[in-house]
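# need a 3D model of the following:
(one chain, ligands or ions: 1)
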Amino acid sequence: MQFRISNLEFRIPMSHPLFWLARKSDDVPENNDWLSDAERDTLAGFRFPKRRNDWRLGRWTAKQAVCAYQSLKRSDLASLEIRAAGDGVPEAFSNGTAREVSISISHSSGQGFCVVGPPELSVGCDTEMIQPHEVQFFQDYFTAGEISLLQHSPADRSLVAYLIWCAKESALKALREGLRLDTRSIAIVPDFEQQDGLWHTWTGLCQDSPRTFRGWWRSQDGFIYAMTADQPTSSPVKLSTD
Ligand SMILES: CC(C)(COP(=O)(O)OP(=O)(O)OC[C@H]1O[C@@H](n2cnc3c(N)ncnc32)[C@H](O)[C@@H]1OP(=O)(O)O)[C@@H](O)C(=O)NCCC(=O)NCCS
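Now for the predicted structure:
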């Protein structure tokens, strides 16, 4: 936003929303017509069926999300390519040219999740199916403060644990590092109001720097979804593919 008083010009940074889409394995077409030649080569290189299925689900979800975000047509799917950069971050291209978009992909237990934002943001997302675990399971991955939060939380412990985990992973992805960094290098402070299907906030405090991430989480149908970016964003918006 830009405004002028007398001869002085002011610019106020506006926060963008992040856009998101979720897809299930069953939504992915059986054929590979929607993949580019290079993507089909990548697919052929995976040895394990689980990796093939996860990768196809992630590509299908991301292509649908980018098409909806940039108003592309279904016939553009095969020329839209989601490539992995050298550090693993997914990037969208059309006919070899980078698209003006920033994306993050996650897949877990047959659920695909993609977050899309403007190219000047570095975005990160994660989804996981909530499963019961003892607190000890998280001891090696969580900070002492997070473990204490888990032990004393009035909310469902498994939900809180997976919410913390997904928030961490989304921040680590926005940093383009993933699990190359220690998961304890970011301490998560969530907003706990538990209402299925609504987005809530969380804050991620980097332990080795003054850097802070502001993110969003929600639980739905037994899954946790989390997202963030390297700048604050407004409440997430679901992409429409109709
Ligand atoms: C990124 C990472 C945290 C994902 O963990 P996960 O919970 O198993 O998987 P998710 O489904 O949530 O996310 C996977 C997606 O993250 C994305 N990703 C991979 N590396 C990434 C990175 N450094 N930063 C951001 N996103 C990344 C990819 O799109 C990947 O999906 P795809 O390979 O099908 O395109 C993990 O793979 C990682 O830390 N990778 C970097 C370290 C590395 O390369 N280790 C060697 C692995 S053999």
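# before we move on, which element is the residue nearest to Pro232 when sequence neighbours are not counted in?
For Pro232, ignoring the flanking residues on the chain, the nearest one in space by CB to CB, 6 or more residues apart in numbering is Arg214 at 4.5 Å. C-betas here are computed from N, CA, C, even on glycine. Using DSSP states H and E, Arg214 falls within strand 212-220.
# next helix or strand past that strand?
Heading C-terminal from strand 212-220 (DSSP H and E), you reach strand 223-229.
# which element follows that next one toward the C-terminus?
Remark: after strand 223-229, the chain's next helix or strand is strand 234-238, criterion DSSP H and E.
# buried ones in stretch 181-193?
With burial defined by 16 or more other CB atoms under 10 Å, the residues of stretch 181-193 counted as buried are 181, 183, 185-190.
# tell me where the model's unsure across this protein.
Along the chain, segments meeting pLDDT under 70 span 1-14, 194-196.
# which strand residues bridge the residue nearest the centre of it?
Residue closest to the average C-alpha location in the chain (CA atoms, centre = their mean): Cys125, at 1.4 Å. Cys125 has these beta-bridge partners by DSSP bridges: Met227.
# give the burial count for Thr233, as a bare number.
23 (other CB atoms under 10 Å).
# which ones are touching Gly145?
Taking CB atoms under 8 Å, 6 or more residues apart in numbering, we find Gly145 in contact with Ala187.
# pretty sure it belongs to a strand, no?
No. Applying DSSP: H, G, I helix; E, B strand; the rest coil, one finds Gly145 to be helix, outside a strand.
# now it: how far from the ligand?
Using CB to the nearest ligand atom, to the nearest Å, Gly145 is found at 22 Å from the ligand.
# hmm, back to that, now the residue nearest to Pro232, which residues is it bridged with?
Beta-bridge pairing of Arg214 under DSSP bridges involves Thr203.
# how about the helices in this protein?
Listed in chain order, the helices of the chain (DSSP state H) span 37-44, 49-69, 144-152, 157-174.
# can you say which of the ones you listed is packed in most?
The highest mean neighbour count among these, using mean count of other CB atoms under 10 Å, belongs to helix 157-174: a mean of 25.
# if we can go back for a sec, and the buried residues of stretch 181-193, which is closest to Asp41?
Using CB to CB, Leu181 is the member of those that lies nearest Asp41, at 30.3 Å.
# list the contacts for the closest residue in space to the closest one that isn't next to it in sequence?
Sequence neighbours aside, Leu172 is the residue nearest to Leu181 in space, at 5.5 Å (criterion: CB to CB, 6+ apart). Neighbour list for Leu172: 124, 178-179, 181, 183, 186 [criterion: CB under 8 Å, 6+ apart].
# mind redoing it with 7 Å?
124, 178-179, 181, 186 (CB atoms under 7 Å, 6 or more residues apart in numbering).
# with Trp216 instead?
The contact partners of Trp216, by CB under 7 Å, 6+ apart, come to 199-201, 226-227, 236.
# what's the domain layout of this structure?
Per automatic domain parsing, the structural domains of the chain span 14-124, 126-233.
# circling back to that earlier point, take the contacts of Leu172 and keep only those in strands.
Counted as lying in strands by DSSP state E, out of the contacts of Leu172, are 124, 186.
# the ligand next: which of the contacts of Leu172 are close?
Contacts with the ligand within the contacts of Leu172, as defined by CB under 6 Å from any ligand atom: 178-179.
# pipe the contacts of Leu172 into TSV and attach distance to Lys50 per row.
As requested, the contacts of Leu172 are exported to TSV (distance: CB to CB, whole Å):
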residue	distance to Lys50
Gly124	23
Gly178	18
Leu179	18
Leu181	25
Ile186	28
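# enumerate the residues of the protein near the ligand.
54-55, 58, 84, 87-90, 104-108, 126, 169, 173, 176-180.
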